[in-house]
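Chemist: The following comprises the amino acid sequence and a computationally predicted model.
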Amino acid sequence: MNALVSMSGIEKSFAGVPALSQASLEITPGEVHALIGQNGAGKSTMIKVLTGVYRRDGGDVVVSGTQSNIATPREAQESGIATIYQELNLVPLRSVTENVIMGYEPKRLGLFLDWREGNRRTREVLARFGIDIDVTEPLGNFSTAIQQLVAIARAVSLDAKLVIMDEPTSSLDASEVEVLFGVVRELKKQGVSVLYVSHFLDELFQICDRVTTMRDGRTVSTRKVQETTKLEMIADMLGRNKDEIAADGMTDFAGAKAKKGDVLLRAENVTTGPRLTHFDLTLHRGEIVGLGGLLGSGRTEAARALFGVDEANGGEIELHNVLGQPSGPGDAISKQIGFLTEDRKAEGIVPEMSVRENLTLALLPKLARRGQIDFAREREIVEAFISDLGIKIAHMDQPIRELSGGNQQKVLLGRWLATQPDILILDEPTRGVDVGAKREIQSFIRSYVENGFGVILISSEFEELVEGADRIVVMHEGRSVKELTNPGITENILVNALAHHEEGTGSWTAQ
Amino acid sequence: MDRAMKLPRRFASMPIRFHGGIAALIVLLVFNAFFTPNFLQLQTLFVNISQVATIAIVAMGMTLVIATGGIDLSVGAVMALAGALAPLIFLSDLGVANPAFGVALAIILPLIIAGLCGVFNGVMVAVLNVQPIIATLILFISGRGIAQVLTNGNLQTFSNPSFSYLGTGKILGLPFQGWLALVIACILFWVISRTTWGRYLLAIGGNERAAYLSGGPVKRVKIGAYVICAVLAGLAGLIVVAINSASDAARNGNLMELDAIAAAVVGGALLQGGRAPIFGAILGAVIIQLVKYTLLANGVEDEVALIAKAVIIILAVWMQQYRRA
């Protein structure tokens, strides 16, 4: 069968950093095609290239057999490609009809809106999906699911040949998901193709025909859903051979294991909301405990709960044998906790400030006497960390934004090491840093723990977890589901623990 | 020793817009020296200092608020409010009976009320997460109204030499309020560069999320910035009343928010926050005052002066954009 959309050899870079290289994607008419991959794998970039949001640097896009030069979203729509974004681009205060016919309003005498015709058309389109609602009511009165369906209906009414759905089920409940799946099957029946982007692998087995996996900007595989397994998909996403056992020291974590000391932190059945529903963890002195899990499994939410960013509405957190969750970051820091966040740019650096000011930001209360900063001590401390961590800079008053990612990350690590926390939570500490800096950061973490402190390590890189952590708490959909203990953990065991649980829960809404 | 090494570097890395501001100032001075009659007279200096002090004082407070990424539209209204209160207090029976106490109270109480206005603004912005421009619009509208209600909309004239010292006094031959602005600038400069509060202020403006996650008391610092801004506005309101020996709630501080924002921006404050150039604010205030004076002294109408001010703001913003690009 001829492909409806065929993308091949796609290249796209942002400021010299490649986001896509030799990526490809092929969708046949009437097919439900899944696109999966970890964060940053290039899924969104791929979609945006297809829909004309980004201009590709190289490669071919063929739509319905002709070379496509879609340059704007409007042109994409006109050539039959409709996108349903995660954040719906509809107008909640206007009626359902207005939202469906927006931009393509039926006119009377070429000037006046023909409301009756508009309403009729809208009802007809919705009826095709078995939805019967009052189309004159404001869209915002309906549930997210209905709104999403209206967005889809709008797309179909514009004669879409391909509907792109980006994480369509992320804000739906179980029954709403069923309605959505019904719509997807209906689209398929009508010969409309669907490109389905989702983190929830279970869903793919229910509605998708084929699945394309991306990793690091490349297309790794395209498989028939019926002929693959979840383990295979995960292996593709992570770039692991599912049969291979790689246990030889690929990180700088391996080495002397410190002895376990007293309990620093105990969390039991902690709940903060739908993204974190049941979290158990015990951390001893001299120990690195890893949090393993796929994206959205609640790893970061767990860290935020321990640091007092998200208020716990259930369960117990005990620090140094004293019950009680920190009331906020300031309180957590005074209780000897540090939290190196995942998003360096949004939550880490203050770009306009100097390396010195960034490094001492969390230490300020301890650096001050009656509110006045002790500059001599500040310089001394910063000096020490710059040389200990091997931060490469011209001088400590250089703005941090001028540093490379790896050096910025070292400064932020220094920010937390400087406060000498008993418990250091590290969320993706080596993401986006070069190999050299990565190894250095890993060895600092190990030596820090050897001094009798405790570290909670969150990482999407399995080798980092497997080799770095003394224990790994496996998380799945907001719950801690399993604990693995080193020595003896291999990447395979970890991948299996993740995948096995994926299969075990059956449904994606384990709430 | 360390400091000696540090200073030249500081100077070398001094932002380009600061040089730009100084260049603009020199151009203005040279132009006036040649074309404005009697410009190089002490009297001219006095007039300009006494005029610029109020703009500078308000602009410094505005600079702190802008450093958090906010804006305060209510400064002019707070000036009117504080200015309306002062004569009411020292002209009251109590104030007339105890003149010294009356004047002291006439300064302190309006400043406290102004501070409360700042608390209101700060809480709206930092706790209730209202957009700064909307939050401060409330007092922008109602503050002047309250001031006019308090005075029944009348012009209050008075003769009180000790209160008037605020606006007409001289130290070493120079206007008192000029010295006052200078002292405030030094204190604020010290606060911003030497204290944890100042460090947090800049961190919050630079990346509020990062400051919060590093344990910064975001709400407290933000409220503090609005309070300082409002108190300084109140002080400026008192000075204006003292200069005129009259309080006119309808005119005191009228359009001051625009002058203060303009001075702060010309002085190098970034509207997205993260920078608090206090002496820049003074420089900005001086430039704006000099432009006003230049046009006035050369017989250009006031309305045209407004256009000139707009041009300055455009230039300042353009320079900021240009620098970042």
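Modeler: It's in.

Chemist: Tell me which strands whichever helix or strand A:Gly59 is part of pairs with, and in which orientation.
Modeler: Using DSSP states H and E, A:Gly59 sits in strand A:58-63. Strand pairing for strand A:58-63, using DSSP bridges, gives strand A:5-14 (antiparallel), strand A:66-67 (antiparallel).

Chemist: worst average pLDDT in these?
Modeler: When the strands paired with strand A:58-63 are compared on average pLDDT, strand A:66-67 comes out lowest at a mean of 84.

Chemist: Okay, buried residues for the strand holding A:Gly59 please.
Modeler: By 16 or more other CB atoms under 10 Å in any protein chain shown, the buried positions in strand A:58-63 come out as A:Gly59, A:Val61, A:Val62, A:Val63. Yep, even glycine has a C-beta here, placed from its N, CA and C like the rest.

Chemist: circling back: nearest to B:Thr157, of the strands paired with strand A:58-63?
Modeler: Nearest of the strands paired with strand A:58-63 to B:Thr157, taken as CB to CB: strand A:5-14 at 65.7 Å.

Chemist: Check what contacts the closest one and list those residues.
Modeler: Contact with strand A:5-14 is made by A:18-27, A:45-46, A:49-50, A:54, A:56-63, A:81, A:162, A:193, A:195, A:217, as judged by CB atoms under 8 Å, 6 or more residues apart in numbering or on different chains.

Chemist: cutoff 7 Å now
Modeler: Strand A:5-14 is contacted by residues A:19-27, A:45-46, A:49-50, A:54, A:56-63, A:162 when judged by CB atoms under 7 Å, 6 or more residues apart in numbering or on different chains.

Chemist: remind me which residues of the chain are low pLDDT?
Modeler: Picked chain A for this. Scanning chain A for pLDDT under 70 picks out the ranges A:1, A:39-40, A:86-88, A:170-174, A:240-260, A:432, A:434-436, A:500-511.

Chemist: that's the wrong chain, I meant chain B
Modeler: In chain B (pLDDT under 70), the answer is B:1-19, B:320-325.

Chemist: Can you report how many residues lie near the one residue in the stretch 151-300 of chain A that gets nearest to chain B?
Modeler: Closest contact between the stretch 151-300 of chain A and chain B, by CB to the nearest CB, is at A:Thr300 (12.2 Å). By the criterion of other CB atoms under 10 Å in any protein chain shown, A:Thr300 has 23 neighbours.

Chemist: go on, B:Val123?
Modeler: 16.

Chemist: any idea how far it lies from chain A?
Modeler: B:Val123 is 18 Å from chain A, where distance means CB to the nearest CB, to the nearest Å.

Chemist: quick one: contacts for the spatially closest residue to that residue that is not a sequence neighbour?
Modeler: If you skip the residues right next to it in sequence, B:Val123 has B:Ile223 as its closest partner in space, 6.3 Å away by CB to CB, 6 or more residues apart in numbering or on different chains. Residues near B:Ile223 by CB under 7 Å, 6+ apart: B:Val119, B:Gly122, B:Val123, B:Ala126.

Chemist: Among those residues, pick out the one closest to B:Gln272, please.
Modeler: Nearest to B:Gln272 among those: B:Ala126, at 17.0 Å, using CB to CB.

Chemist: re the thing from before, what about the residue nearest to B:Val123, helix or strand, and which?
Modeler: helix B:218-244.

Chemist: buried set for that helix?
Modeler: In helix B:218-244, counting by 16+ other CB under 10 Å, buried: B:218, B:221-244.

Chemist: With stretch B:287-303 instead?
Modeler: B:Ile287, B:Ile288, B:Gln289, B:Leu290, B:Val291, B:Lys292, B:Tyr293, B:Thr294, B:Leu295, B:Ala297.

Chemist: now do stretch A:298-318
Modeler: So for stretch A:298-318, counting by 16+ other CB under 10 Å, buried means A:298-310, A:312, A:315, A:317-318.

Chemist: Now, these that are in strands?
Modeler: A:Gly315, A:Ile317, A:Glu318 (DSSP state E).

Chemist: got those as TSV, with distance to chain B columns?
Modeler: Shown next, in TSV, are these (distance: CB to the nearest CB, whole Å):
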residue	distance to chain B
A:Gly315	22
A:Ile317	18
A:Glu318	21
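
Chemist: check which helix or strand covers A:Asn89.
Modeler: Residue-wise, A:Asn89 maps onto no helix or strand under DSSP H and E.

Chemist: and what of B:Leu109?
Modeler: Per DSSP H and E: helix B:99-122 holds B:Leu109.

Chemist: how close does the residue of the stretch 101-250 of chain A found nearest chain B get to A:Leu90?
Modeler: Using CB to the nearest CB, the closest approach of the stretch 101-250 of chain A to chain B is made by A:Gly140 at 21.4 Å. Distance, A:Gly140 to A:Leu90, by CB to CB, to the nearest Å: 9 Å.

Chemist: Among the two, which residue is more densely surrounded?
Modeler: Of the pair A:Gly140 and A:Leu90, A:Leu90 is the one with more neighbours under other CB under 10 Å, namely 21 against 12.

Chemist: and that one, backbone torsions?
Modeler: phi -120, psi 170 (degrees, to the nearest 10).

Chemist: Report the contact partners of the closest residue to it other than its chain neighbours.
Modeler: Closest residue in space to A:Leu90, ignoring its immediate chain neighbours: A:Asn99 at 4.9 Å, by CB to CB, 6+ apart. By CB under 7 Å, 6+ apart, A:Asn99 lies in contact with A:Leu90, A:Val91, A:Leu139, A:Val150, A:Arg154.

Chemist: and the stretch 301-450 of chain A, which residues reach chain B?
Modeler: Within the stretch 301-450 of chain A, the positions near chain B by CB under 7 Å from any CB of the partner chain are A:329-330, A:333, A:339, A:341, A:346-353, A:357, A:361-362, A:364-365, A:368, A:371-373, A:415.

Chemist: Which of these fall in strands?
Modeler: Short answer: those in strands (DSSP E) are A:Phe339, A:Ala368, A:Gln372, A:Ile373.

Chemist: Taking the residues you listed, please make a ChimeraX selection of just the buried ones.
Modeler: Here is the ChimeraX command that selects the buried residues among these (16+ other CB under 10 Å):
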select /A:339,368,373
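
Chemist: for the strand or helix carrying B:Leu28, packing partners?
Modeler: Using DSSP H and E, B:Leu28 sits within helix B:16-35. Helix B:16-35 is packed against helix B:278-297, helix B:302-324, with contacts defined by 3 or more CB pairs under 7 Å, 6 or more residues apart in numbering or on different chains; DSSP states H and E.

Chemist: for the first one, the distance to its chain's centre please.
Modeler: What that stands for is helix B:278-297. 12 Å (CA atoms, centre = their mean, to the nearest Å).

Chemist: contact partners of stretch A:132-148?
Modeler: A:84, A:88, A:90-97, A:99, A:119, A:122-123, A:126, A:150, A:168, A:171-172, A:176, A:179-180.

Chemist: and it, how far apart are its ends?
Modeler: Using CA to CA, to the nearest Å, the end-to-end distance of stretch A:132-148 comes out at 14 Å.

Chemist: Tell me the buried residues in that stretch?
Modeler: A:Ile133, A:Val135, A:Leu139, A:Phe142, A:Ala145, A:Ile146, A:Gln147, A:Gln148.

Chemist: taking those residues one by one, which sit in helices?
Modeler: A:Ala145, A:Ile146, A:Gln147, A:Gln148 (DSSP state H).

Chemist: right, and A:Leu238 touches A:Ser460 too?
Modeler: No: contact criterion CB atoms under 7 Å: A:Leu238 and A:Ser460 do not qualify, at 8.3 Å.
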